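Undergrad: with the input below, show me the fold.
(one chain, ligands or ions: 1)
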Amino acid sequence: MKAYELLKTIDDPRDLRSLERRDLHRLADELRAFVLESVSRTGGHLSSNLGTVELAIALHYVFDTPQDRIVWDVGHQSYPHKILTGRREAMARLRMYEGISGFPRREESAYDTFGTAHSSTSISAALGMAYAARLAGERRHAIAVIGDGAMSAGMAFEALNNAGVTDLDLLVILNDNEMSISPPVGALNRYLARLISGSVFQRARRAGEKVLKAVPPLLEFARRVEEHAKGLVVPSTLFEEFGFNYFGPIDGHDLESLVPTLANLKQLTGPRFLHVITRKGQGYKLAEADPVLYHGVSEFRPESGIASGKGGGKLTYTQVFGDWLCDVAARDPRVVGITPAMREGSGLVRFAAEYPDRYFDVGIAEQHAVSFAAGLACDGAKPVVAIYSTFLQRGYDQLIHDVCIQKLPILFALDRAGLVGADGATHHGAFDLSYLRCLPHMVVMAPPTRTSAGRCSTPATRSTARPRCAIRAAPALARCRRPR
Ligand SMILES: Cc1ncc(C[n+]2csc(CCOP(=O)(O)OP(=O)(O)O)c2C)c(N)n1
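TA: Residues are numbered from 1 along each chain as shown. Model prediction:
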């Protein structure tokens, strides 16, 4: 164990707030090293947490938490926040029985203001908190921290749409690392990339640096930063069209930008949007180079990194499913594969490589995935929706309204059915039998198996021709230590 001399003095954000600003850099170094060492021992989410070290420090340094509310979207990136809020030692039992959760949980800490794990809920929740503060006549800040992957879900836009016409004290921070679990997809992602790389941003950053160097008195400074951002990023960003004051993009690893920017945003009112650029895996070369591999990890040695697959182990259901899908796709050109942002976890890597024209990653958009499959099925395709049991919950109305009532032939391949182990209650595939078997025309089937000849054999081979079928795969708990 390293010494972590400064980090050990932080048992609460109040300790953090008593530090000199110049000490925050050292704290960030120690916190990053601690996250790496600790996660390499317990397993858990790694790349995303290495990316939020400075953001967590800056937020707790500037805002009066837990009075001010921070909601971490998905919450898989909340380890630095947990460590700074009294759970440093508890990290030794992260995601274990009677240990702390890998996601924020209200019962775990007053600093975990909202339980997250399924993505894209943070803006709605923070908006609700902002309204509740107003109703109670209290002045406090509500902050949603949301990744660019999570931002692509419809629910995030429903919340923006609602929030943008209010004058509530809401700050949305877009933590843009240009990655979901795998590379992100969709038009929003392209838009964000243009925003970052465009000359507009380069000019804005140069101007922003000048402003930051001048450091005029606070309110004047806030006014000028606001004018700058508004003046320089015109034509206005998508987020301004939604009624937010947009600021950024700024470097999310640079405490010299983060702390004063947040301090200034704290002085403003109304819905504000701060675009922060971070890097997944920041500070650990192996994770920077392969953030997908290091998104969720089992125990490993930081010096040597994750050992490459040993081979020879038992096949997982996920692998059997992925092979089966390639087999049926070879036989039937109408078969298409759909994933809502879970290519690796759902076993579609081989299918994506072999059938790129028939492979659809629709982003974190389960509802859309189901209705999109319904559209495909209407006109002759044979869609296979590869989805975790817990995430299909998001698409329930679409299952009933778009698929079952219309009797459309779609195969839902449910991974992570049953108890999933370390990811905990939010990820258990505990409800699918109940929520699927009551649906009209839905057939629920057992998972595929391998024949003695080594080929995949499954009732679902026939069932792509059958209407609405869901196969459930419940991998053994031991295999589920690796988070998603
Ligand atoms: C509704 C839902 N679908 C899928 C997931 C699985 N999932 C966990 S993290 C993640 C990627 C999130 O990307 P982003 O918001 O950009 O955060 P980053 O990991 O890049 O920090 C996904 C798809 C989820 N948690 N919730």
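
Undergrad: just the endpoints, please. Distance across stretch 410-424?
TA: This stretch, stretch 410-424, spans 29 Å end to end (CA to CA, to the nearest Å).

Undergrad: domain-wise, how is the chain divided?
TA: 7-297, 317-481 (automatic domain parsing).

Undergrad: so which of those domains is nearest the ligand?
TA: Of all these, domain 7-297 sits nearest to the ligand, with 2.3 Å by CB to the nearest ligand atom. Every residue, glycine included, has its C-beta placed from N, CA and C.

Undergrad: quick one on the thing from earlier: now the domains of the chain in JSON lines, with distance to the ligand and mean pLDDT?
TA: Conversion of those to JSON lines gives the following (distance: least, CB to the nearest ligand atom, whole Å; pLDDT from 0 to 100):
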{"stretch": "domain 7-297", "distance to the ligand": "2", "mean pLDDT": "90"}
{"stretch": "domain 317-481", "distance to the ligand": "4", "mean pLDDT": "86"}
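
Undergrad: so which of these gets nearest residue 305?
TA: Residue 305 lies closest, by CB to CB, to one member of those: domain 7-297, at 4.3 Å.

Undergrad: in TSV, list the domains of the chain along with mean neighbour count.
TA: As requested, the domains of the chain are exported to TSV (neighbours: other CB atoms under 10 Å):
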stretch	mean neighbour count
domain 7-297	19
domain 317-481	19
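
Undergrad: and these as JSON lines, adding distance to residue 306?
TA: Shown next, in JSON lines, are these (distance: least, CB to CB, whole Å):
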{"stretch": "domain 7-297", "distance to residue 306": "6"}
{"stretch": "domain 317-481", "distance to residue 306": "13"}
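
Undergrad: pretty sure residue 470 is in contact with residue 417, am I right?
TA: No. Under the criterion of CB atoms under 8 Å, residue 470 is not in contact with residue 417, lying 9.4 Å apart.

Undergrad: shared neighbours, these two?
TA: residue 432 (CB atoms under 8 Å, 6 or more residues apart in numbering).

Undergrad: which non-adjacent residue is nearest residue 131?
TA: Leaving aside its chain neighbours, residue 131 sits nearest to residue 168 (6.5 Å; criterion: CB to CB, 6 or more residues apart in numbering).

Undergrad: show me what contacts that neighbour?
TA: By CB under 8 Å, 6+ apart, residue 168 lies in contact with 127, 130-131, 134, 142, 270-271.

Undergrad: okay, how far is it across stretch 277-297, tip to tip?
TA: For stretch 277-297, the first-to-last residue distance is 23 Å (CA to CA).

Undergrad: that stretch: how far from the chain's middle?
TA: Averaging C-alpha positions (CA atoms, centre = their mean, to the nearest Å) puts stretch 277-297 14 Å from its chain's average.

Undergrad: ok, the residue lying closest to residue 139 once chain neighbours are set aside - contacts?
TA: Leaving aside its sequence neighbours, residue 139 sits nearest to residue 133 (CB to CB, 6+ apart; 7.1 Å). Taking CB under 8 Å, 6+ apart, we find residue 133 in contact with 139-140, 142, 169.

Undergrad: repeat that for 10 Å
TA: Counting by CB atoms under 10 Å, 6 or more residues apart in numbering, residue 133 touches 67-69, 139-142, 168-169.

Undergrad: secondary structure for these - can I get that in TSV?
TA: Shown next, in TSV, are the contacts of residue 133 (DSSP: H, G, I helix; E, B strand; the rest coil):
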residue	secondary structure
67	coil
68	coil
69	strand
139	coil
140	coil
141	coil
142	strand
168	coil
169	coil
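
Undergrad: the stretch 151-300 of the chain: strands as residue ranges?
TA: Secondary structure of the stretch 151-300 of the chain by DSSP state E, counting those that start in this stretch: the strands cover 170-176, 245-251, 272-277, 296-297.

Undergrad: hmm, who's touching the shortest one?
TA: With contact meaning CB under 10 Å, 6+ apart, strand 296-297 is reached by 39-40, 42-48, 76, 102, 181, 287, 305-306, 344-345, 422-423, 481-484.

Undergrad: partner strands of it and their direction?
TA: Paired with strand 296-297 in the same sheet, following DSSP bridges, are strand 44-45 (antiparallel).

Undergrad: after the partner strand, next one along is what?
TA: helix 47-50 (DSSP states H and E).

Undergrad: which strands and helices sit next to that next one?
TA: Under the contact criterion of 3 or more CB pairs under 10 Å, 6 or more residues apart in numbering; DSSP states H and E, helix 47-50 touches helix 24-42, helix 79-82, helix 285-289, strand 296-297.

Undergrad: report all helices and strands that whatever helix or strand comes next after that helix contacts.
TA: As assigned by DSSP H and E, the chain's next helix or strand after helix 47-50 is helix 53-62. Here helix 53-62 touches helix 13-17, helix 24-42, strand 69-72, helix 79-82, strand 142-147, strand 170-176, helix 255-267, strand 272-277, going by 3+ CB pairs under 10 Å, 6+ apart.

Undergrad: residue 322 - nearest residue in space that isn't next to it in sequence?
TA: Per CB to CB, 6+ apart, closest to residue 322 is residue 347, 3.2 Å.

Undergrad: residue contacts, the one you found?
TA: Contacts of residue 347 by CB under 10 Å, 6+ apart are 316-326, 337, 339, 386, 413, 415, 473.

Undergrad: how does it look with 7 Å?
TA: 318-319, 321-322, 386 (CB atoms under 7 Å, 6 or more residues apart in numbering).

Undergrad: these: which two are farthest apart?
TA: Largest separation among the contacts of residue 347 by CB to CB: 319 and 386, giving 12.4 Å.

Undergrad: can you pull out the helices in the stretch 251-400 of the chain?
TA: According to DSSP state H, counting those that start in this stretch, the stretch 251-400 of the chain carries its helices in the segments 255-267, 285-289, 317-331, 349-354, 366-378, 389-392, 396-398.
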